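In: what follows is a predicted protein model with its sequence.
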2 protein chains.
Amino acid sequence: MTPLKNDRFLRALLRQPVDVTPVWMMRQAGRYLPEYRATRAEAGDFLALCKNPELACEVTLQPLRRYALDAAILFSDILTIPDAMGLGLYFEAGEGPRFHKTVRTEADIAALPVPDSARDLDYVMAAVKTIRGALAGSVPLIGFSGSPWTLATYMVEGGSSRDFHNIKRMVYDTPELAHALLDKIALSVIDYLNAQIRAGAQAVQIFDTWGGVLPGPHYREFSLAYMQKIVAGLIRENEGRRVPVILFTKGGGQWVADIAAAGCDAMGLDWTADIGEVRARVGHQVALQGNMDPSFLFASPAKIRAEVARILESFGHGDGHVFNLGHGIDQKVDPANAGAFIDAVHELSARYHA
Amino acid sequence: MTPLKNDRFLRALLRQPVDVTPVWMMRQAGRYLPEYRATRAEAGDFLALCKNPELACEVTLQPLRRYALDAAILFSDILTIPDAMGLGLYFEAGEGPRFHKTVRTEADIAALPVPDSARDLDYVMAAVKTIRGALAGSVPLIGFSGSPWTLATYMVEGGSSRDFHNIKRMVYDTPELAHALLDKIALSVIDYLNAQIRAGAQAVQIFDTWGGVLPGPHYREFSLAYMQKIVAGLIRENEGRRVPVILFTKGGGQWVADIAAAGCDAMGLDWTADIGEVRARVGHQVALQGNMDPSFLFASPAKIRAEVARILESFGHGDGHVFNLGHGIDQKVDPANAGAFIDAVHELSARYHA
């Protein structure tokens, strides 16, 4: 493999010295970019784009052509695993993801297979290999998966949800069923992320988009415990280098001490967390990733720059910070504002690493 | 005025001794009750029900006829103030609230009046008086308002929002405009809550439903600071008794120390907060209200009872706890489960007050 030209991102995740704070954006390959919209139109739809390794590679690289990003992230969907389990993922225009089948009973759970990712999700592994080749060592490639809890919410609800009544009823009323389901998903995620690592992913992030809807004890038992199990099952070194793991729970700001103790290398923070306070509590254990409000990209470049400065100052001097948004970039953002954000991180952060 | 027969709720808010933990439910007068749906149909629609003091009184009392609740809460909407400012509140079937006019520019803000609540919101004050008379001292009556930040989100967005782009752009890009708007709303809320207190409300709660969507520093500057201003402007004693103030920020679990220091008597917690941890941090300053996940009411009565036991044990022995849900009760809940919840609180809590 080509040696990495820019390894700031991997170094920061391991709290090693860097020249400037590395930065990437969740959903950086997305609809705010006109070139993304063009490629997606060429593919036909979102799922066809995910399943076409050449086009998935193309959209993965698009933001890197515009911006001085310090990492690429595999273009894919968090719901590939339930789709490979046979639930039938589809998207309706203007709606979120949907499944043809839901998972609600003991029999539904027993019938779910644990996919063999190398075979059943070969299109994802092909995309990872294609992207690694195309990156040619410019920046590292991040692989990812949804967390078991987050995947379970979609599988039980049958798609996006506002109130999570069905999955919560399962957790609160029949917790043994929820555990059986989460166990199976966790095994699937371990296999999926390890296959991505074998295919060339140099770091992995677990997206726990919906962990924040649970009470604390239930978050620990039904979300964090399964992420911890995954972390324990992952390949942690590949190509002679550590493969860092990032755990990101949206709405997890009250549980940062628990997350930091789960064995991950880094913790992603949403925009509500005070990164300086979190660093004071757990910064000796993990690196921190985040955490500007994605909606700040609707403000002027000058205001964006001031907010970047505030967050850098909140984290303070020293290593272990990967800058990011606190959630995915919105489709209505002006690409120029994303550029102002990324440039501000690099320009303003050097003095914190002197 | 008739002396109160059951003042557990008011005593607990002031951290005074009680025999059992008092309990009420946010949105306890609501669509999960068939008798509510009947009265609402009689009124015509939701807003007509809010504006009819006799029918508002009727639905306020309905849950008290079914359950051993320790408080009544005025039946009204959080958007009465912007409606009185002339924005034209309306509800579309299946949608959230909407306004005919939005507030986005300096001119829009300058044109907004501060309503005289006794005159412009006389239907609310009439409802408060009617309910107080009908309660006849059985339990205390809670008055309420939305927080300035929460009201501003609806006024700027023109209704409910998922992403709050317009109000966030105002806060991030033109904070001086946001402050001008929030100042005007805060003055209106002070007048509104004081009018409710004069009309007979014996405690007041400020609902900050959307404070949790902000970064910490912005929450403090654009939401909490205005609630603090309101608390400082309220009548705190009436009818020879203290009128306790409860601040409730959904998603505010990371900021409990700040909220507890804002001058309130009690802090409402959503279901994600660990009430025991919060008590350890700030329980010497304020009473705590909460915090079972409203979705727990979809579980069996036995599971609901176990969750009530867990939360009581988490808070622990001693006074200063008002039991509640962590957010409003859902319309799909079986009323029998709400009863199981309320009975469990009373039955299981006595030993914590021995």
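Out: Yep, it's here. All of these numbers come straight from a predicted model, not from anything done at the bench.
In: which one is whichever residue of the stretch 1-150 of chain A sits closest to chain B nearest to, not counting chain neighbours?
Out: Nearest residue of the stretch 1-150 of chain A to chain B (C-beta to the nearest C-beta) works out as A:Gly96 at 11.2 Å. Placement of C-beta: from N, CA and C, glycine included. In space, and not counting its chain neighbours, A:Gly96 is closest to A:Ser160: 3.2 Å by C-beta to C-beta, 6 or more residues apart in numbering or on different chains.
In: need the contact list for the one you found.
Out: A:Glu95, A:Gly96, A:Pro97, A:Arg98, A:Tyr154 (C-beta atoms under 8 Å, 6 or more residues apart in numbering or on different chains).
In: can you check A:Gly252 too?
Out: A:Gly252 makes contact with A:Asp208, A:Gly211, A:Gly212, A:Tyr219, A:Ile259, A:Asp270, according to C-beta under 8 Å, 6+ apart.
In: of the residues you listed, which is the most crowded?
Out: In terms of neighbours by other C-beta atoms under 10 Å in any protein chain shown, the contacts of A:Gly252 top out with A:Ile259 at 29 neighbours.
In: wait, is A:Ile142 part of a strand?
Out: Yes. A:Ile142 forms part of a strand when assessed by DSSP: H, G, I helix; E, B strand; the rest coil.
In: and chain A, which of its residues are near chain B?
Out: Within chain A, the positions adjacent to chain B are A:163-165, A:168-169, A:172-173, A:212-217, A:219, A:251, A:253-254, A:271-274, A:277, A:291, A:293, A:295-296, A:298-300, A:303, A:307, A:310, A:326, A:330, A:332 by C-beta under 8 Å from any C-beta of the partner chain.
In: just the residues you listed: which are in helices?
Out: A:His165, A:Lys168, A:Arg169, A:Tyr172, A:Asp173, A:Gly216, A:Pro217, A:Tyr219, A:Glu277, A:Lys303, A:Glu307, A:Arg310 (DSSP state H).
In: now these as CSV including pLDDT?
Out: Listed next are these as CSV, based on pLDDT from 0 to 100:
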residue, pLDDT
A:His165, 97
A:Lys168, 98
A:Arg169, 98
A:Tyr172, 98
A:Asp173, 97
A:Gly216, 98
A:Pro217, 98
A:Tyr219, 98
A:Glu277, 97
A:Lys303, 98
A:Glu307, 98
A:Arg310, 98
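In: just the terminal-to-terminal distance for stretch A:317-325.
Out: This stretch, stretch A:317-325, spans 20 Å end to end (C-alpha to C-alpha, to the nearest Å).
In: ok, now how distant is A:Gly318 from chain B?
Out: For A:Gly318, the distance to chain B equals 21 Å [C-beta to the nearest C-beta, to the nearest Å].
In: torsion angles phi and psi at that residue?
Out: Main-chain torsions, A:Gly318, degrees, to the nearest 10: phi 110, psi -180.
In: what about it, neighbour count?
Out: By other C-beta under 10 Å, 12 other residues sit near A:Gly318.
In: now do A:His218
Out: 23.
In: who's the closest spatial neighbour of it, skipping the chain neighbours?
Out: In space, not counting the residues next to it along the chain, A:His218 is nearest to A:Val171; the distance is 6.1 Å by C-beta to C-beta, 6+ apart.
In: thought A:Ser223 was touching that neighbour, still the case?
Out: No. Using C-beta atoms under 8 Å, A:Val171 makes no contact with A:Ser223, being 9.9 Å away.
In: spell out which residues are contacts of both of the two.
Out: Common contacts of A:Val171 and A:Ser223, defined by C-beta under 8 Å, 6+ apart, comprise A:Leu214.
In: which parts of chain A are strands?
Out: Using DSSP state E, the strands of chain A run over A:72-73, A:89-91, A:97-99, A:141-146, A:203-208, A:237-238, A:241-242, A:245-249, A:266-268, A:287-289, A:321-322.
In: which of those strands is buried the deepest?
Out: strand A:321-322 (a mean of 29; mean count of other C-beta atoms under 10 Å in any protein chain shown).
In: direction included, what does it pair up with?
Out: With DSSP bridges as the test, strand A:321-322 is paired with strand A:287-289 (parallel).
In: residues making contact with the partner strand?
Out: Counting by C-beta under 8 Å, 6+ apart, A:12-15, A:244, A:246, A:248, A:265-269, A:275, A:278-279, A:315, A:319-324 sit against strand A:287-289.
In: centre of the chain to that strand, how far?
Out: Strand A:287-289 has its average C-alpha position 13 Å from the chain's average C-alpha position, going by C-alpha atoms, centre = their mean, to the nearest Å.
In: burial of A:Leu234, as a residue count?
Out: Per other C-beta under 10 Å, the neighbour tally for A:Leu234 reads 18.
In: these two touch, right, it and A:Leu193?
Out: Yes. A:Leu234 lies in contact with A:Leu193 (C-beta under 8 Å); the separation is 5.8 Å.
In: have a look at chain A and report its longest helix.
Out: Every helix in chain A considered (DSSP H), the longest is helix A:175-199.
In: for it, buried residues please.
Out: A:175, A:177-179, A:181-182, A:184-197, A:199 (16 or more other C-beta atoms under 10 Å in any protein chain shown).
In: mind checking the end-to-end distance for stretch A:315-333?
Out: OK, stretch A:315-333 end separation, C-alpha to C-alpha: 26 Å.
In: let me redo that: stretch A:347-354
Out: Rule used - C-alpha to C-alpha; the end-to-end distance of stretch A:347-354 is 13 Å.
In: residues in contact with that stretch?
Out: Contacts of stretch A:347-354 (C-beta under 8 Å, 6+ apart): A:17-21, A:305, A:308-309, A:312, A:315-319, A:321, A:323.
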